[in-house]
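Asker: Predicted structure and sequence below. I'll ask about it afterward.
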Amino acid sequence: MFTSTELNQLYQYAHILTNDRDDAYDLLQNCLEKFLRRRPITLSKMGYLKKMIKHQFIDQYRHQHRYPKEALCSVNETHALPHSLEKTMIDQQTLERLWLKLPSADRELLYLWAVEGLTHRQIGQRLQRPIGTVLSQVHRLKKKLSRDKVRYIAEVDGR
């Protein structure tokens, strides 16, 4: 289907875009897989594939800048001590208790905002609400959770 010369040209194009050998191979492989799966009717396979490579590279670039990778453990971080593990468990229990107290509409809003990472505009579109309403609901929800967390911790410490 493709000659080795064509594959080398495509690789060189991907390498120019990525400036990394392994990323160029990955980019080329992804685009070749898509091309072979779709089997588009085109007169210029090379032109079509170069356009695919360029668009895939742009998509990956945007994704990396929107969702940067965070290291699981920083070099400067200390390893988890039993104290921090205990605090994590308490925080998890606090979160579970506060989560169960929330009405389903607030849980949905919090999930879309905090877990899925949607913007206020995206949440408004998904829930069919004006963006101003979403902004005020998120603000009130954050304040409510802060107050409830303080109350819950005071209850636990008072026991």
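Answerer: Thanks, I have it. Numbers count the residues shown, from 1 in each chain.
Asker: domain parsing for this structure?
Answerer: Domains of the chain are assigned by the TED database as 4-66, 87-157.
Asker: Would you mind measuring the gap between the ends of the shortest one?
Answerer: To tie it back to what came earlier, the one meant is domain 4-66. Using C-alpha to C-alpha, to the nearest Å, the end-to-end distance of domain 4-66 comes to 36 Å.
Asker: what residue ranges in the protein are flagged as low confidence?
Answerer: For the chain, the stretches flagged by pLDDT under 70 are 70-90, 153, 156-159.
Asker: could you point out the longest helix in it?
Answerer: Longest helix of the chain, by residue count under DSSP state H: helix 131-158.
Asker: packing partners for that one?
Answerer: Helix 131-158 sits against helix 82-101, helix 104-110, helix 120-127, with contacts defined as 3 or more C-beta pairs under 8 Å, 6 or more residues apart in numbering; DSSP states H and E. To be clear about C-beta, it is placed using only N, CA and C from the backbone, and glycine gets the same treatment.
Asker: buried sites along it?
Answerer: Under the neighbour-count criterion of 16 or more other C-beta atoms under 10 Å, helix 131-158 has 134, 137, 138, 141, 145, 152 buried.
Asker: Then stretch 106-117?
Answerer: Going by neighbour count (16+ other C-beta under 10 Å), the buried part of stretch 106-117 is 106, 109, 110, 112, 113.
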